[in-house]
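K.L.:
Just a sequence and a predicted model for now, questions to come.
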Amino acid sequence: MKKIIIVSLLVLSILQISCSEDNPTTSGNIMKYPDSLGTEWEYHTTIYMVFYDTSGNITGTYTLDIGNTIAKVEKTNDTLGSYTDLILFTSFDVATPQNIGKYWYRNIDIGLYSVAYTGASSSQPILPKSKPADFIESLIKQIKISVTPMSLGIQYDIRSDSLYFNDPPRKVFKYPLIVGNNWVEMTTPFHREKFINQQENITTPIGTYKTFVVESKMKDFTNISYIDYINLDIGLLLREVAVDSTILLGQNLDTLGYYDFRSMSELVRKD
């Protein structure tokens, strides 16, 4: 198995476009990300892990209930620095509502752009090689799940009021959202592309819906799989993040084995 260091950004989608699922444009107008003030989504996240020895034999499995996260459109027509007409999303875990992440977007005809972010769940972490005795406890304490359009979903809990600008802004979505679309989201700190190759029916606690399958591909991290399932009327139905074959270290930094990581965030409520 290949050794890797997992770098997860932190860019997610709560997409709602009020149009037909097979035709994302209506009367010549490009349908965009939701900007209705007060719109709110709640997601439940579960993490699944499988541990292996150096011969590839399974030595243990774990299921971690991370809890619920709420994302909300907090402001419209907001101003930040030289940027105007921005949409402000907020995101927080239900268990720690005082730790609020803020994310500003530019929503124009050609796409949705992530401009800036601040607060909890806004870092760009490394999920490191780890000692087995400390791994699970550390993961539970530090991993955060963000469900704003800006985030990839796996983040360390860094509670900071520092404001970070994406320079240049990241292209989270290319409009219109249709099968066959592909685009470069960013080139720094690493190169990542997104593409839509298919549609798929997805079932969550709020029902079954036809979705666009939006996948991410990172040039230097081929073992990371990132998929969003987006319905044009509801928004983000499901997010899956998978990382395979990450090295697990012993107390003397010797290789004890590897682990596979799966994160699933599904929509349980939308207002």
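P.N.:
Perfect, thanks for sending it.

K.L.:
Does residue 180 fall in a helix, a strand, or a coil region?
P.N.:
Using DSSP: H, G, I helix; E, B strand; the rest coil, the three-state assignment for residue 180 comes out as coil.

K.L.:
Next, give phi and psi for it.
P.N.:
phi 110, psi -20 (degrees, to the nearest 10).

K.L.:
From residue 191, how far off is it?
P.N.:
Residue 180 sits 21 Å away from residue 191, taking Cβ to Cβ, to the nearest Å as the criterion. Where you see a C-beta, it was placed from the backbone N, CA and C, and this is true even at glycine.

K.L.:
Same check on residue 111?
P.N.:
Applying Cβ to Cβ, one obtains 18 Å for the distance of residue 111 from residue 191.

K.L.:
Compare these two (neighbour count), which wins?
P.N.:
Regarding residue 111 and residue 191, a neighbour count based on other Cβ atoms under 10 Å identifies residue 111 as having more, with 21 against 14.

K.L.:
What are the phi and psi values at the more buried one?
P.N.:
Taking degrees, to the nearest 10, you get phi 170, psi 170 for the backbone angles of residue 111.

K.L.:
Across the sheet, point out what pairs with it.
P.N.:
Listed beta-bridge partners, residue 111: residue 108, residue 174 (assigned using DSSP bridges).

K.L.:
Look through the protein and tell me its longest strand.
P.N.:
Among the segments of the chain that qualify as a strand by DSSP state E, the longest is strand 58-80.

K.L.:
Restrict the following helix or strand past that strand to CA atoms and write it as PDB.
P.N.:
Tracing the chain C-terminally past strand 58-80 and defining elements by DSSP states H and E, one meets strand 83-93 next. The C-alpha coordinates for strand 83-93 follow below in PDB (Å, rounded to 0.1, in the frame of the first residue of the first chain):
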ATOM      1  CA  TYR A  83     -15.400  42.500  -2.700                       C
ATOM      2  CA  THR A  84     -19.100  43.400  -2.700                       C
ATOM      3  CA  ASP A  85     -22.300  41.500  -3.300                       C
ATOM      4  CA  LEU A  86     -21.000  38.400  -1.400                       C
ATOM      5  CA  ILE A  87     -23.000  35.600   0.100                       C
ATOM      6  CA  LEU A  88     -22.000  34.700   3.700                       C
ATOM      7  CA  PHE A  89     -22.500  31.100   4.900                       C
ATOM      8  CA  THR A  90     -22.000  30.100   8.500                       C
ATOM      9  CA  SER A  91     -21.300  26.500   9.800                       C
ATOM     10  CA  PHE A  92     -21.100  25.000  13.200                       C
ATOM     11  CA  ASP A  93     -21.400  21.700  15.000                       C
END
